[in-house]
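S.K.: please work out how this folds:
(chains A, B, C and D)
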Protein chains: 2
Amino acid sequence: MNTANHRSMERRLQAAAETCERHGAQLTELRRMVLSLVLEADGPLTAYQLLDRLKERRKSAVPPTIYRGLDFLVKHGLIHKIERLNAFIPCADAEHDHHDVQFLICQSCGTVAEIEDRMVRRALAGAAARQGFQPQNAVVELNGTCALCAAHPPVA
Amino acid sequence: MNTANHRSMERRLQAAAETCERHGAQLTELRRMVLSLVLEADGPLTAYQLLDRLKERRKSAVPPTIYRGLDFLVKHGLIHKIERLNAFIPCADAEHDHHDVQFLICQSCGTVAEIEDRMVRRALAGAAARQGFQPQNAVVELNGTCALCAAHPPVA
DNA sequence: TCAAGAGACGCTATACTATAGCATGAGCGT
DNA sequence: ACGCTCATGCTATAGTATAGCGTCTCTTGA
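M.R.: Numbers count the residues shown, from 1 in each chain, chains lettered A, B, ... in the order given. Sure thing, here's the model as predicted:
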């Protein structure tokens, strides 16, 4: 990782620590390592992919190790789980309402974009209300082709 | 199952067979059995729950047996998979566009309601378009409390 | 000073979800 | 008869996630 990215990473880890503090929780060394791994990744990584990487730095890591870390980070809005992929990505903005974002999953390049669309949010709230349903959180994941892949189709 | 439900089941199986025919596919005996199990269920059932029930009628059933059946039924729009639950429910209307429905999952009673909301559909299409994203299908699952459970909270 | 409780982590085992891969047999068209 | 496609049987294995219990550390209050 180059210096600029390294500084960006440090900034994000620092911000994450502050978010945790505000929640009365702590970003321990282990959790910080897990968060780093998610932040460093090019794209969504599964729990076991992250575990493999974590093991390089912490030999004692086993499945519960990574799942506890991931659960903590999800709970505090620092990362997202993409249900469709069983994989994790950083949260684009830890301060927004992380229970109400949407994901665009590109089936061609594998990238996942996080968006926060007011119209979608409103439409979902309206649809729920019409059924008398009280939503607590939403999973909204669109599968398809991202703008880049649509413009420059990968060699087929 | 009482007679009325039995007749309803037969009607739905018949309709499913016709849907398959229109798709140039066949609702074989095995697939019909799997669909029956999903239709009979009170709520969402996982693949292995369905497998256990299938085994009562078909001793040779193993995981691939049930997954093949389920994959076929999902593909032809006869059932839905709820990603959040890794579970399956019947499709409320095999003729609608089964790639664009929404689910309301009650965390209290476990029921899953299927809705097809025009506003949600439009909002998602708009959000995708603004990103230049070409959606192929969507997973939209709201977790929360259904109207009945909100009105008559289960004994806590 | 030292119990008692809470939180984080180590570690073993196990549960749960899903697919790869290859064999067999039925039906169909030529 | 032959080759083809599709459905199923079956073994094995891959992949995802959690239960449960022990230990250590820190805090807090008697």
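
S.K.: from now on I want contacts and neighbour counts done on CA atoms only, so please keep to that.
M.R.: Will do.

S.K.: so how far is the longest strand along chain A off the chain centroid?
M.R.: As assigned by DSSP state E, the longest strand anywhere in chain A is strand A:134-145. Relative to the centre of its chain, strand A:134-145 is centred 14 Å away, using Cα atoms, centre = their mean, to the nearest Å.

S.K.: could you give the angle of it to strand B:134-145?
M.R.: When axes from the mean of the first three to the mean of the last three Cα atoms, to 10 degrees is applied, the directions of strand A:134-145 and strand B:134-145 differ by 160 degrees.

S.K.: and strand A:134-145, anywhere near DNA strand D?
M.R.: No - contact of strand A:134-145 with DNA strand D (Cα under 7 Å from any atom of the strand) is absent, the minimum separation being 13.8 Å.

S.K.: which helix in chain A runs the most residues?
M.R.: Counting by DSSP state H, the longest helix found in chain A is helix A:3-22.

S.K.: what's in contact with that one?
M.R.: A:26, A:27, A:32, A:35, A:36, A:39, A:76, A:78, A:94 (Cα atoms under 8 Å, 6 or more residues apart in numbering or on different chains).

S.K.: buried residues of the very next helix or strand once past that helix, list them for me.
M.R.: Moving toward the C-terminus from helix A:3-22, the next helix or strand (DSSP states H and E) is helix A:29-40. Within helix A:29-40, the residues that qualify as buried are A:30, A:31, A:32, A:33, A:34, A:35, A:36, A:37, A:38, A:39, counting by 16 or more other Cα atoms under 10 Å in any protein chain shown.

S.K.: nearest to residue B:89, of those?
M.R.: Looking at these and their distance to residue B:89, the nearest is residue A:38, at 33.6 Å (Cα to Cα).

S.K.: returning to what we had before: avg pLDDT for the longest helix of chain A?
M.R.: What helix A:3-22 shows for mean pLDDT is 89.

S.K.: and for stretch A:47-65?
M.R.: Here the average pLDDT along stretch A:47-65 is 97.

S.K.: contact partners for residue A:110?
M.R.: Residue A:110 touches A:43, A:44, counting by Cα under 8 Å, 6+ apart.

S.K.: repeat that with 10 Å
M.R.: Shown in contact with residue A:110 (Cα atoms under 10 Å, 6 or more residues apart in numbering or on different chains): A:42, A:43, A:44, A:85, A:104, A:143, A:144, A:145, A:146.

S.K.: tell me the predicted confidence for the residue lying closest to the second one once chain neighbours are set aside.
M.R.: Excluding its sequence neighbours, the residue lying closest to residue A:43 (Cα to Cα, 6 or more residues apart in numbering or on different chains) is residue A:111, at 5.7 Å. As predicted, residue A:111 sits at a pLDDT of 97.

S.K.: and for residue A:97?
M.R.: 63.

S.K.: can I assume residue A:122 sits in a strand?
M.R.: No - when DSSP: H, G, I helix; E, B strand; the rest coil is applied, residue A:122 is found to be helix, with no strand at that position.

S.K.: now it: how far from residue B:152?
M.R.: Taking Cα to Cα, to the nearest Å as the measure, residue A:122 and residue B:152 are separated by 27 Å.

S.K.: likewise residue A:23?
M.R.: Distance from residue A:23 to residue B:152, by Cα to Cα: 33 Å.

S.K.: do residue A:103 as well
M.R.: 34 Å.

S.K.: more neighbours: which of these two?
M.R.: Taking other Cα atoms under 10 Å in any protein chain shown, residue A:103 and residue B:152 do not tie; residue A:103 has more neighbours (21 against 8).
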